[in-house]
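Asker: Following is a predicted model, sequence given first.
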Amino acid sequence: LKSKLPGVGTTIFSQMSQLATEQQAINLSQGFPDFPASPQLVSALAQYSAQGLNQYAPMPGVMALREQIAALVQHCYGRIICPAAEITVTSGATEALFVAIGATVNPGDEVIIFDPAYDSYAPAIALNGGKAVHIALHAPDYRVNWQQVADAITARTRLIIVNSPHNPSGMVFSHSDWLALQQLVAAHNLYCISDEVYEHMVFDGAMQLSANGFSELAARSFIVSSFGKTFHVTGWKLGYCVAPAALTAEFHKIHQYVTFSSFTPAQYAIADMLKLHSEQVRSLAAFYQQKRDSFATLLANSRFKLLSCQGTYFQLADYSAISELDDVAFCRWLATEHKVAAIPLSVFYQTPPQSRIIRFCFAKQQSTLEAAAEALCQI
Ligand code: PMP
Ligand code: GLN
């Protein structure tokens, strides 16, 4: 078979989680919580399944859930969206990203992405015959230089993919970042995919902002989020895409043939959570800020130098005081010799920088963070 993705191997997330299992290492690599989801959510899932809601959901998602998504978007960002025409429930944010890229990218189109970039973007662009144009963000703050973005736009540029709060860096767009993005998208008739899966994890009292809050941008955007992150159920693979009706219509043409619809009882269960327990969404930032701060305190006496983390559940750490190894080799050594698994940053770059930085996931119980920190402080 002639490979359509010749440069692509197994994702770093599978590799590192497998290494963690083999080495019986504490897994701070792949991003997922090691604590349970809320009992209300788990029992709602079981109840809906027991009630017999086990057949295909409507193609764009269960209406009760779409109505709750519209209410959430209005509550968080003041934007009024139509549940029937502008929302699609998807099988994780991953599916939403894949479908939105499929709906926008034609052969020869250029797509601007920011490295370190979440690893599903570039393969999806390539499968549609597009060309990813990589703009590198750098330590320590990973901020976007919008002049550099403007300079990268050509007559073939069709799409910009942004991700705030940003995985893996923890950088969060400011109000002026969103305005600069909006200005470029509008001025050049581009489309935007805004990957906001960590939208409810913004720390230190910063405003939670979204493409939903910028009307000219929202008019040209596919805005993607994930209930896996928000409700601690990454394995349920449930997310959604908000886009204007005309864009959603194109999105549906692909979504209906990728998967048709997503896991039915989970859609009802999440709808209940949003309706009856929305305080769990509102308290998410404080919940993860406490974990971020606790992990930082536990590592204060280590030789890792922690970078700033404004959002997400990831913490970057510079290990240059510890080792000269490159980050992939360092992560292998760390998992093998010190039984803590992390993610190297270079794999998210087209042209990796020379920095020695790795990513830890702190979506873990206190006891896990303490055990990991104990090992990391001995290095
Ligand atoms: N985008 C980013 C930036 C992510 O970190 C993730 C989760 N790994 C996803 C998309 C995919 O989300 P989901 O698990 O809902 O498919
Ligand atoms: N989003 C998760 C992370 O960044 C992993 C997702 C995946 O395994 N594909 O670690």
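Answerer: Noted; the coordinates are in hand. Ligands and ions are numbered 1, 2, ... in the order given.

Asker: show me the contacts for the closest residue in space to residue 248 that isn't next to it in sequence.
Answerer: Excluding the flanking residues, the one nearest residue 248 by C-beta to C-beta, 6 or more residues apart in numbering is residue 86, at 5.5 Å. (Glycine included, C-beta is placed from N, CA and C.) Neighbour list for residue 86: 70, 242-245, 248 [criterion: C-beta atoms under 8 Å, 6 or more residues apart in numbering].

Asker: could you redo the last one with a cut-off of 6 Å?
Answerer: Going by C-beta atoms under 6 Å, 6 or more residues apart in numbering, residue 86 touches 242, 245, 248.

Asker: The first one: neighbour count?
Answerer: The criterion is other C-beta atoms under 10 Å. On that basis, residue 242 has 28 neighbouring residues.

Asker: What residue spans form the domains of this protein?
Answerer: Domain ranges of the chain: 12-37+282-377, 39-277, per automatic domain parsing.

Asker: Need the distance between the two termini of the last one.
Answerer: Taking C-alpha to C-alpha, to the nearest Å as the measure, domain 39-277 stretches 12 Å from start to finish.

Asker: hmm, that domain touching ligand 2?
Answerer: Yes: Domain 39-277 lies within reach of ligand 2 by C-beta under 6 Å from any ligand atom, at residue 167.

Asker: do the same with the shortest one
Answerer: Yes: for a cut-off given as C-beta under 6 Å from any ligand atom, domain 12-37+282-377 has contacts with ligand 2, namely 13, 30-31.

Asker: what comes up buried for stretch 262-273?
Answerer: Judged by neighbour count using 16 or more other C-beta atoms under 10 Å, the buried positions of stretch 262-273 are 262-273.

Asker: Any chance of a markdown table for those residues, columns pLDDT and secondary structure?
Answerer: As requested, the buried residues of stretch 262-273 are exported to a markdown table (pLDDT from 0 to 100; DSSP: H, G, I helix; E, B strand; the rest coil):
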| residue | pLDDT | secondary structure |
| --- | --- | --- |
| 262 | 98 | coil |
| 263 | 98 | coil |
| 264 | 98 | helix |
| 265 | 98 | helix |
| 266 | 98 | helix |
| 267 | 98 | helix |
| 268 | 98 | helix |
| 269 | 98 | helix |
| 270 | 98 | helix |
| 271 | 98 | helix |
| 272 | 98 | helix |
| 273 | 98 | helix |
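
Asker: and which of those is nearest residue 169?
Answerer: Taking C-beta to C-beta as the measure, residue 270 is the one of the buried residues of stretch 262-273 closest to residue 169, at 28.1 Å.

Asker: What is the burial count for the closest residue to that closest one other than its chain neighbours?
Answerer: Spatial nearest neighbour of residue 270, chain neighbours left out: residue 227 (5.2 Å); criterion: C-beta to C-beta, 6+ apart. For residue 227, the tally of surrounding residues (other C-beta under 10 Å) stands at 28.

Asker: before we move on, what about residue 291?
Answerer: Residue 291, neighbours per other C-beta under 10 Å, totals 21.

Asker: again with residue 208
Answerer: Neighbour number of residue 208 under other C-beta under 10 Å is 17.

Asker: Now do it, the pLDDT please.
Answerer: At residue 208, the model reports a pLDDT of 96.

Asker: Would you mind giving the secondary structure of it?
Answerer: coil (DSSP: H, G, I helix; E, B strand; the rest coil).

Asker: residue contacts, it?
Answerer: Shown in contact with residue 208 (C-beta under 6 Å, 6+ apart): residue 202.

Asker: ok, of the buried residues of stretch 262-273, which one's closest to residue 117?
Answerer: Nearest to residue 117 among the buried residues of stretch 262-273, with distances taken as C-beta to C-beta, is residue 262, at 24.9 Å.

Asker: Any residues of this structure in contact with ligand 1? List them.
Answerer: 31, 92-94, 118, 163, 167, 195, 197, 226, 228, 234, 237, 239.

Asker: Thank you, goodbye.
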